[in-house]
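Student: Got a predicted structure here, sequence first:
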Amino acid sequence: MERVIRKAMTDVVRPQEPDLERLPGARAGRLSTLVRARLLATSGFAHRAAVRVVPARIRRIYIPPAYSAIDRATVIAFGFVCGIFQAVGRFPNPQDAWSLWTANLGSLYPANWGPDGTYIYPPPLAQITTLLHPIGWQVFIVCWTTLLWAALAYMLGRWTWLFVAMGIVALVLGLPYEFGDVLGHALNGNVQLFIAAGLVVALRGNVLGWLPGLLTKVVSGIGLGWYLLRREWRPFALSLAAAAAVSAVSFVFVPSQWGEWVAWMIKNANVPSPIVLEPIPFILRLPMSLAVLVWGARTNRAWVVPIAVGWGTPALYLGTYPSMWIAAIPLFLNPRGFRR
């Protein structure tokens, strides 16, 4: 049943590529130039260009074959327009992006965990945004929002518009926040979408995709259990080494901030969340996430990793997991694209 569903969804979003090796009466290498030209004409220009120019391994990681370049470009352009509207004040101020921009390296962490969007991630992201201050808030938010929508375009292609519609309907009809979570994160400047897109990149073969999660919402590292369960020691070690290298550079410049972050985490470990959480406690969700991860690793289903990561976060804010779960869609549609 899973194969039938995957094939049906893929057929909707991608024209089928001709399998030259299975053509009756001739092998691919023996086809005439005319036959090859006619077969290639059935696929899109962007796909043909990608096949000819970009190496196959890089295509698997960075160019999801289920979506055309036009689909992705349209989504990115829409994000660019949204960023401009935010910069000129036509859209509400993106609180999460604003907390990154206003992070004060001299006093990076608040005394207590509050609902005011104060910076609470490890130091590297705040250090990077501080370096960008010369470009100004308006330029930053246009670029930041555009990149968030680029992450959506990478993962979802034309399916992005389904989640945009869900967000609008949820806003108009007052539906639960889960329905509008993806659109909300894309417009609020949350790093969640970068983490989700990073999971897709990582599971397609580039371990640097783990960096957005490991350097912000650290518990997303639960997804590294995929490598442990499959005994893939090299990508597991490289993932941790990459995160350690970035952290080491950050620590060398401002070591005190790492100590402040650790102290803040310890101090607020048992502090109730200032934001409403889902009623299912972490002590129940963690075994559920681990069980899903074990099942996925044993059955070769990489798409379960975003499910496990999204559901296994300690503080599960209302509706935060759908924006992580969407990373399962490209991994489900293209199961051959991840590292085996």
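Tutor: Right, received. Where do you want to start?
Student: What ranges does the stretch 101-250 of the chain have for its helices?
Tutor: For the stretch 101-250 of the chain, applying DSSP state H, counting those that start in this stretch gives helices covering 123-131, 137-156, 160-173, 181-188, 192-203, 211-214, 225-229, 233-253.
Student: With mean neighbour count added, can I get those helices in JSON lines?
Tutor: No exception for glycine: its C-beta is placed from N, CA and C like everyone else's. Shown next, in JSON lines, are the helices of the stretch 101-250 of the chain (neighbours: other CB atoms under 10 Å):
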{"stretch": "helix 123-131", "mean neighbour count": "18"}
{"stretch": "helix 137-156", "mean neighbour count": "22"}
{"stretch": "helix 160-173", "mean neighbour count": "16"}
{"stretch": "helix 181-188", "mean neighbour count": "24"}
{"stretch": "helix 192-203", "mean neighbour count": "26"}
{"stretch": "helix 211-214", "mean neighbour count": "23"}
{"stretch": "helix 225-229", "mean neighbour count": "19"}
{"stretch": "helix 233-253", "mean neighbour count": "14"}
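Student: Any idea which of those gets closest to Glu260?
Tutor: Glu260 sits nearest to helix 123-131 of all these, at 8.2 Å, using CB to CB.
Student: Leaving aside the residues adjacent along the chain, what's closest to Thr145?
Tutor: Closest residue to Thr145 apart from its sequence neighbours, by CB to CB, 6 or more residues apart in numbering: Gly83 at 3.5 Å.
Student: Next one, pLDDT for the one you found please.
Tutor: pLDDT, Gly83: 97.
Student: I'd guessed it sits against Phe140; true?
Tutor: No: using CB atoms under 8 Å as the test, Gly83 is too far from Phe140 to be in contact (9.4 Å).
Student: hmm, back to that, quick one: what helix or strand has the residue nearest to Thr145 in it?
Tutor: helix 69-87 (DSSP states H and E).
Student: Please pull out the lowest mean pLDDT helix or strand from the protein.
Tutor: The weakest-scoring helix or strand in the chain, judged by mean pLDDT, DSSP states H and E, is helix 33-40 (a mean of 40).
Student: Look up phi and psi at the nearest residue to Thr130 once chain neighbours are set aside.
Tutor: In space, and not counting its chain neighbours, Thr130 is closest to Leu105: 5.6 Å by CB to CB, 6+ apart. For Leu105, the backbone dihedrals are phi -60, psi -20 (criterion: degrees, to the nearest 10).
Student: Could you check the pLDDT of Leu105?
Tutor: Leu105 is given a pLDDT of 87.
Student: what residues are up against it?
Tutor: Neighbouring residues of Leu105 by CB atoms under 8 Å, 6 or more residues apart in numbering: Ala126, Gln127, Thr130, Val254, Gln257.
Student: which residues touch the fourth one?
Tutor: Put plainly, it is Val254. Taking CB under 8 Å, 6+ apart, one finds Leu105, Pro123, Gln127 in contact with Val254.
Student: secondary structure element for Gln257?
Tutor: Gln257 is part of helix 255-267 when elements are defined by DSSP H and E.
Student: Give me the contacts around that helix.
Tutor: Leu105, Leu108, Tyr109, Pro110, Ile120, Pro122, Pro123, Ala126, Gln127, Ser247, Ser250, Phe251.
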